[in-house]
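Undergrad: Test case, fold it:
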Amino acid sequence: MEHPLALAMAIVTLGGILAGYRIAFVLAGSSALFILLSDTPVAFFKLLLSRVYASALSNWILVAVPMFILMGYILEKTGVAERSLHASQRIFGGSPLGMIVSVLFVGVLLAASSGIVGASVVLLALIAMPRLLDAGLDKPTAAGLVASSGTLAILIPPSVMLIILGDQLQVPIGDMFAAAIGPGLLMFFFYGAYAATRVIGLPRVENISDQHPLRSLVEILPLVVLVVCVLGSIISGIATPTEASGLGAIGAIVIAVIYRSFSMSQLMESARDTVKTSTMVFAVLIGAVCFSAVFRRLGGDELIFSLASLFGDGPWTILMVVMVGIFLLGFVLDWLEITLIMLPIFAPIVAGLDFGNGLAGTELLVWFGILIAINLQTSFLTPPFGFALFYLQGVLGDQITSFQIYKGVAPFVIIQGLTLALVIWFPQIITAFIPN
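TA: Numbering: from 1, shown residues only. Below is the predicted model:
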């Protein structure tokens, strides 16, 4: 077989990950091991150091990652996000359909203000799940709506995933953010349409508050303004993602002060959690840089291409093989590992293909990146390692069974697949939002 060491490296790495070892250490360790097992000169270690420095440690765009994470944690821990959800529920009323719309609306707001799936799912589960059940929605559908709405945080900008994808593809982050708007709105509509069919005929529940809707609108307005300013400054080109992320973090503090919910202890707790999360992200990034460099030197890209060619060598066939492969990996791996391991291998292959849809250069790579983002969103909802399922089960405990959660998320996974298919066949869904 061609490139046996590359195949062995892939098997050893996947085995280490499935065995439960830390992803970053598995990636870096397998890289060092196969440098020694191959005829690669030891001097290659020095090349790896320079690549790590250039790709991760000195990459200015990646500063946006911890800043957006900090922004999300501040909004969560100071209660700003929770307050926005309550205000949204009062605006849309106490009908079953109103509850569905409010959950989706706040899910989008949380996605656009934090990009942290865990925070979104936990908050929605704690606050919205009881109200959805009171409105008459069955447990599986309510669980599916909460979990899937929380995963919008990984797709709707400013998403950490989109920043990593844009960096790996070497395309403008602003273009990635703009391109994700169309699919995000589509998914919002499809989620709502499906959930609405599950509440047809259900009676209206009692009003959840006698507060005037205008006052509720004023309460939610600062968060909406923050989101618009952050995204608008990036997409319009006024600010870089790094600069806008700093604006977002400061804006989150300002909103907390306005709501009189800010304290230094909350800020320090948010900062500590940001360090933990960012450290995990960058450790995996460094390990993935090493893995990608060694794997490609051993002929890994040629191995992957030859395996994909077994199903045909047409551009659409290769794209389908990549999409199916990423979807299946989502059952056992996290989005970050899939992105950092697979993208450096497949991006050069896809960049050289002609799909006959009028896309080329940066537009083609942005389209490919959004396809991957939508695909990877399903990894949060697919067992056995769907993190959104873990978060939901952890919050609800014995109130709901794992089977009910799996049953509830299944239609939403299908909806994500439908959205992916539409974006594949109609790339205008993403290109329409990209600035010229």
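
Undergrad: and Val80, what is it in contact with?
TA: Residues near Val80 by Cβ atoms under 8 Å, 6 or more residues apart in numbering: 74, 223, 252, 255-256, 259, 261. (C-beta placed from N, C-alpha, C; glycine too.)

Undergrad: The stretch 251-400 of the chain: strands as residue ranges?
TA: Under the criterion DSSP state E, counting those that start in this stretch, the stretch 251-400 of the chain carries no strands.

Undergrad: Please enumerate the helices of the stretch 151-300 of the chain.
TA: Using DSSP state H, counting those that start in this stretch, the helices of the stretch 151-300 of the chain run over 160-169, 173-179, 181-197, 213-235, 241-258, 264-297, 300-309.

Undergrad: what sits up against stretch 4-17?
TA: With Cβ under 8 Å, 6+ apart, stretch 4-17 has contacts from 1, 23, 26-27, 29-30, 33-34, 37-38, 291, 294-295, 298-300, 302-303, 332-333, 337, 341.

Undergrad: With mean neighbour count added, can I get the helices of the stretch 151-300 of the chain in TSV?
TA: Output for the helices of the stretch 151-300 of the chain, formatted as TSV (neighbours: other Cβ atoms under 10 Å):
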stretch	mean neighbour count
helix 160-169	24
helix 173-179	25
helix 181-197	19
helix 213-235	17
helix 241-258	20
helix 264-297	18
helix 300-309	17
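
Undergrad: As TSV, the ones you listed with distance to Leu359 would be great.
TA: Formatted as TSV, the helices of the stretch 151-300 of the chain follow (distance: least, Cβ to Cβ, whole Å):
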stretch	distance to Leu359
helix 160-169	13
helix 173-179	11
helix 181-197	14
helix 213-235	19
helix 241-258	23
helix 264-297	25
helix 300-309	20
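
Undergrad: Nearest to Val413, out of the ones you listed?
TA: helix 181-197 (11.6 Å; Cβ to Cβ).

Undergrad: Could I get the average pLDDT for the closest one?
TA: Taken as a whole, helix 181-197 carries a mean pLDDT of 89.

Undergrad: what's the angle between that helix and helix 213-235?
TA: Using axes from the mean of the first three to the mean of the last three Cα atoms, to 10 degrees, one finds that helix 181-197 and helix 213-235 are set 150 degrees apart in direction.

Undergrad: list the helices and strands helix 181-197 packs on?
TA: helix 96-113, helix 139-151, helix 361-377, helix 402-425, helix 428-431 (3 or more Cβ pairs under 8 Å, 6 or more residues apart in numbering; DSSP states H and E).

Undergrad: and among those, the most buried is which?
TA: Here the criterion is mean neighbour count by mean count of other Cβ atoms under 10 Å, and of the helices and strands packed on helix 181-197 the winner is helix 139-151, at a mean of 27.

Undergrad: what's the angle between it and helix 361-377?
TA: Using the same axes, to 10 degrees: helix 139-151 against helix 361-377 is 150 degrees.

Undergrad: ok so, going back, want to throw the helices and strands packed on helix 181-197 into JSON lines with mean pLDDT and distance to Val12?
TA: Shown next, in JSON lines, are the helices and strands packed on helix 181-197 (pLDDT from 0 to 100; distance: least, Cβ to Cβ, whole Å):
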{"stretch": "helix 96-113", "mean pLDDT": "75", "distance to Val12": "36"}
{"stretch": "helix 139-151", "mean pLDDT": "86", "distance to Val12": "31"}
{"stretch": "helix 361-377", "mean pLDDT": "90", "distance to Val12": "24"}
{"stretch": "helix 402-425", "mean pLDDT": "90", "distance to Val12": "30"}
{"stretch": "helix 428-431", "mean pLDDT": "89", "distance to Val12": "37"}
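
Undergrad: Would you mind putting those into JSON lines with distance to Leu396 alongside?
TA: Shown next, in JSON lines, are the helices and strands packed on helix 181-197 (distance: least, Cβ to Cβ, whole Å):
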{"stretch": "helix 96-113", "distance to Leu396": "15"}
{"stretch": "helix 139-151", "distance to Leu396": "8"}
{"stretch": "helix 361-377", "distance to Leu396": "21"}
{"stretch": "helix 402-425", "distance to Leu396": "8"}
{"stretch": "helix 428-431", "distance to Leu396": "34"}
